[in-house]
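Sequence and computational prediction follow.
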Amino acid sequence: MRVRTLLLAIGAAVASAQPGGAHHVISEVYDIGRTLTVEGEVDRIGYRDPHSFLHLRVAGAGSGGRIWSVELEGAAKLHQLGVERGTLKPGDRISVCGNPGRDAGQYRLLMLVLTRPSDGLAVRRTPMDDQRECGSAAVTDAR
């Protein structure tokens, strides 16, 4: 009976573990060899783990602007970086430097440095991220 219970416990642990391959490899989704900066207005933000996402409306891409999906750290890591729910709100004007998505048809960015000029907020994915060179801040429809 003890052996059966032990085997069931091990089986449950193995079955519930997230395999490494289920989580995307950053370099497959984002071009980590390139950086660019996107400026715009926060449209919406979702705080969650393992990744939070921010939707940024970038002007100059037609009447409503182009929406970029910006991948952030997870909610727990954002908390450690000083970003709580409510720190970033719809309507905030921000600038995000990051790695663009590999698929040119998708407007995606992996956040390296996020700044809000109105109050000087600066969030860096890692301490080394302010050492990276970012691309042009004038990102519009013409990629």
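Right, received. Where do you want to start? Note that the coordinates shown come from a computational prediction; the quantities given were computed from them, not determined experimentally.

and after the helix or strand encompassing Arg44, which helix or strand comes next?
According to DSSP states H and E, Arg44 maps onto strand 36-46. Later in the chain than strand 36-46, the nearest helix or strand by DSSP H and E is strand 53-58.

In its sheet, which strands sit next to that next one, and in what direction?
If you go by DSSP bridges, strand 53-58 pairs up with strand 36-46 (antiparallel), strand 66-71 (antiparallel).

residues in contact with it?
The contact list for strand 53-58 (Cβ atoms under 8 Å, 6 or more residues apart in numbering) reads 38-46, 64-72, 88, 94, 96, 107, 111, 139-140. No exception for glycine: its C-beta is placed from N, CA and C like everyone else's.

what's the first-to-last distance across stretch 68-86?
End-to-end span of stretch 68-86 (Cα to Cα, to the nearest Å): 20 Å.

buried ones in that stretch?
Trp68, Val70, Glu71, Leu72, Glu73, Ala75, Leu78, Leu81, Val83 (16 or more other Cβ atoms under 10 Å).

and if you look at stretch 36-53?
Buried residues in stretch 36-53 (16+ other Cβ under 10 Å): Leu36, Thr37, Val38, Glu39, Gly40, Val42, Asp43, Ile45, Tyr47, His51, Ser52.

out of those residues, who's nearest Arg102?
Leu36 (13.1 Å; Cβ to Cβ).

Against Leu121, how distant is the closest one?
The gap separating Leu36 from Leu121 is 20 Å, by Cβ to Cβ, to the nearest Å.

looking at the protein, which helix or strand is least sure?
helix 2-16 (a mean of 54; mean pLDDT, DSSP states H and E).

Other residues contacting the next helix or strand after that helix?
Downstream of helix 2-16, the next assigned helix or strand under DSSP H and E is helix 26-29. Helix 26-29 has contacts (Cβ under 8 Å, 6+ apart) with Ile32, Asn99, Gly101, Arg102, Arg108, Leu110.
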